[in-house]
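Trainee: coords please:
(2 chains)
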Amino acid sequence: MSAAATTALPAATPTVTPEPRASRAPLWLILPAVMLFVGIVLVPLAMTVLLSFHDWGQYKGIEPVLILKNWQEIATDPYYAEMFGRTLRIALITTLVTALLGAPEAYILNRMSGRWRGLFLLLILGPLLISVVARTLGWALLFGGSNGLANKLLMSLGVISSPLPFLFTETGVVIALVHVMMPFMVLSVWAALQRLDPQVEHAAMSLGAGPVTIIRRIVLPQIMPGVLSGAIIVFSLSASAFATPAIIGGRRLKVAATLAYDEFLNTLNWPLGAAVAVLLLAGLVLIVVGANALVERRYAEVFR
Amino acid sequence: MTTNSRSAAPLLELEHVAKAFGSHVAVEDFNLAVAPGEFISFLGPSGCGKTTTLQMIAGFLAPSRGTIRLEGCDLTQVHPSKRGLGIVFQSYALFPHMTAAENVAFGLEMQRVSKAERAERVRAALAMVGLSGYEDRHPRRMSGGQQQRVALARALVIRPSVLLLDEPLSNLDAKLREEMQIELRQIQRELGTTTILVTHDQTEALSLSDRIVVMSKGRIEQIGTPQDTYERPSSAFVAQFLGKTNDFTARIEGAGPARIVAGGWSAPAPVGLSGPVTISVRPERIGFAETGLPGRVAARIFQGNHWLFQCETECGPAIVVRPNDGLAQPGEGEAVRLAWRPEDMSLRAGAAA
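Mentor: Got it, this is the predicted structure:
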């Protein structure tokens, strides 16, 4: 954006009167992007919203009428409340765990010497290069019932006495999701750490602060915006995640995304699936925008 | 004040301090005793080891060899947070998420100073640096000079035994820097805080310090009062680094009473010198005279309160500075004769480089 502004300036300065064609040029230039956005985001979205108000029957199929049947069903049937509650719970716990593990991870990474840092950064970002389905199937193999590697390891270490159920449980979904989401949190905190003046920790030390005080009072408040923006990314991605809950949670443990999928492809009740998808999207947009506004207001001084 | 206090036991002592990073020697055999209340500058070009020395005093770097003593106690095993030194960093290193008052109060909080006393001392510290009324400002909403003052207040409010300043003025513009220099000196005089300033700016070191430590390539070149180091530089490096200097190639001529001869200028030579020698004279100590080293004015530059002449002579190029006293000055291309008093020059064996 700044590059466009600097290149536009010299062209604009010699002419005193504004040239109408030059001022309209940016509009023409963004037209392809706008068309693409309208074509593949706005139009399908509007169609989905419209679809959520249509009627559906086992034998009559989709009827293009405007009724609130699907929305009433979602609002009144506790089955859907449980679905959305679980989605929210899994996303929140995943976000919390990635923040608790990812922020210290990024901090330690940032303090490593060059060569080690490169290696560990690769280890953290490496999973992003592998398909999420392959990674989740890996977790499924590790969990695999009572004979899974994870259970065998924990039992031989004496941490647990009987095998824990990981597959088809929320715990399993959260563990797999945390692994998938970790790079986003680490990268976000990493970016915040880059803006930190390395002398600031020395300054605090010279004023008599110990290591714990330095992290709590000096470092953490400054990287908090990074942790929170990482949390927003992780939360929205976990709440709308499909592959991980589908493989680890399976048919027994549905979340909003897998529910919408089943309505579309198994029950073939497209209007109800559309209503679930729209509700998930609206909820996420509301939470993300709200959280973002809160973060920006709270940390105005750090962002400036 | 300084002459009295220097006879007292030194507050800070550095003995044979050295620091090596792998095979690179950053500081070599650094010896210095700082008297209470003294203002010392470490002066030198970048990479001369001055900041490394300061970091060793602060405790951010451990010396490879030697001891650092504060009030007679060995500092090397003391953690930086327990040394009780005040430090002002080049980047100021203010806490951006805290207001000016919170920044200044931080050190007092760490010392568990009561809330009421803390508030009073923070108020007084900010008033001392001229920032009353800025208590609730965040650093990012302050100018460079104001941030600098907050950093100074934050370092001084804990009543440090030694104040360490790491190029604190280098990020300010020229006019502000001059004002801050005067203010810094006043505050230091008032509080009597022993201060060590690291700088590459010779004017800053000359105008602020009681003593200057001139450093080059990890070694101390000279320690002395500003006037001493300027007037009697102990090496060619010091002469070149502190102010400008002219080097002329001269010869020792005659026997019995031998004389130094540089073109048409001559003076009695000290005993024991022969062959080619180099004369160093400060630009402001050279005058235009009837007799002397013949030359030609290549350029004449007006600089407000003085004139700067670039001259060419048979003994090498010369810079001459004359005060703008209202008298007529030679013009460009004019032939002149340069002269100086023998006591204003220093001599080295060998021809000028």
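Trainee: alpha carbons only for contacts and neighbour counts from here, please
Mentor: OK.
Trainee: how close does residue B:315 get to chain A?
Mentor: 50 Å (C-alpha to the nearest C-alpha, to the nearest Å).
Trainee: surely residue B:112 forms part of a strand?
Mentor: No - using DSSP: H, G, I helix; E, B strand; the rest coil, the assignment for residue B:112 is coil, not a strand.
Trainee: what residues are up against residue B:84?
Mentor: Residue B:84 makes contacts with A:206-208, B:158, B:160-162, as judged by C-alpha atoms under 8 Å, 6 or more residues apart in numbering or on different chains.
Trainee: sort out for me which of these are in helices.
Mentor: residue A:206 (DSSP state H).
Trainee: for chain A, what's its nearest residue on the stretch 1-150 of chain B.
Mentor: residue B:81 (4.1 Å; C-alpha to the nearest C-alpha).
Trainee: that residue: what's it in contact with?
Mentor: Residue B:81 neighbours (C-alpha under 8 Å, 6+ apart): A:205-210.
Trainee: out of the contacts of residue B:84, which two sit at the greatest distance?
Mentor: A:208 and B:162 (14.4 Å; C-alpha to C-alpha).
Trainee: of these two, who's got more company?
Mentor: Shown here are residue A:208 and residue B:162; by other C-alpha atoms under 10 Å in any protein chain shown, residue B:162 has more neighbours (28 against 25).
Trainee: most neighbours among the contacts of residue B:81, which one?
Mentor: Counting by other C-alpha under 10 Å, top hit in the contacts of residue B:81: residue A:207 with 30 neighbours.
Trainee: and the residue lying closest to it once chain neighbours are set aside, what is it in contact with?
Mentor: Leaving aside its chain neighbours, residue A:207 sits nearest to residue B:107 (4.6 Å; criterion: C-alpha to C-alpha, 6 or more residues apart in numbering or on different chains). Contacts for residue B:107 (C-alpha under 8 Å, 6+ apart) come out as A:204, A:207-209, B:154, B:157-158.
Trainee: burial measure for the nearest residue to residue B:121 once chain neighbours are set aside, as a count.
Mentor: Closest residue to residue B:121 apart from its sequence neighbours, by C-alpha to C-alpha, 6+ apart: residue B:157 at 6.8 Å. By the criterion of other C-alpha under 10 Å, residue B:157 has 22 neighbours.
Trainee: next one: phi and psi at residue B:157?
Mentor: phi -70, psi -30 (degrees, to the nearest 10).
Trainee: contact partners for it?
Mentor: Contacts of residue B:157 (C-alpha under 8 Å, 6+ apart): B:104, B:107-108, B:121-122, B:125.
Trainee: of the residues you listed, closest to residue A:90?
Mentor: Looking across the contacts of residue B:157 and measuring by C-alpha to C-alpha, the closest to residue A:90 is residue B:107, at 42.4 Å.
Trainee: in terms of helix, strand or coil, where does the closest one fall?
Mentor: helix.
Trainee: who are the contact partners of the closest residue to chain B within the stretch 201-304 of chain A?
Mentor: As assessed by C-alpha to the nearest C-alpha, chain B sits closest to residue A:208 within the stretch 201-304 of chain A, at 4.1 Å. By C-alpha under 8 Å, 6+ apart, the residues touching residue A:208 are B:80-82, B:84, B:107, B:110-111.
Trainee: and it, what's its pLDDT?
Mentor: The model reports residue A:208 with a pLDDT of 94.
Trainee: quick check on it: phi, psi?
Mentor: According to degrees, to the nearest 10, residue A:208 has phi 100, psi 10.
Trainee: same thing with residue A:157?
Mentor: Dihedral angles (degrees, to the nearest 10) for residue A:157: phi -80, psi -10.
Trainee: tally of neighbours for it?
Mentor: Counted by other C-alpha under 10 Å, the residues lying close to residue A:157 total 10.
Trainee: for it, give me the pLDDT.
Mentor: Residue A:157 is assigned 88 on the pLDDT scale.
Trainee: how about the residues of chain B by chain A?
Mentor: Proximity of chain B to chain A is confined to B:58, B:60, B:80-87, B:89, B:91, B:93-97, B:106-107, B:110-111, B:138, B:140, B:155, B:158 under the rule C-alpha under 8 Å from any C-alpha of the partner chain.
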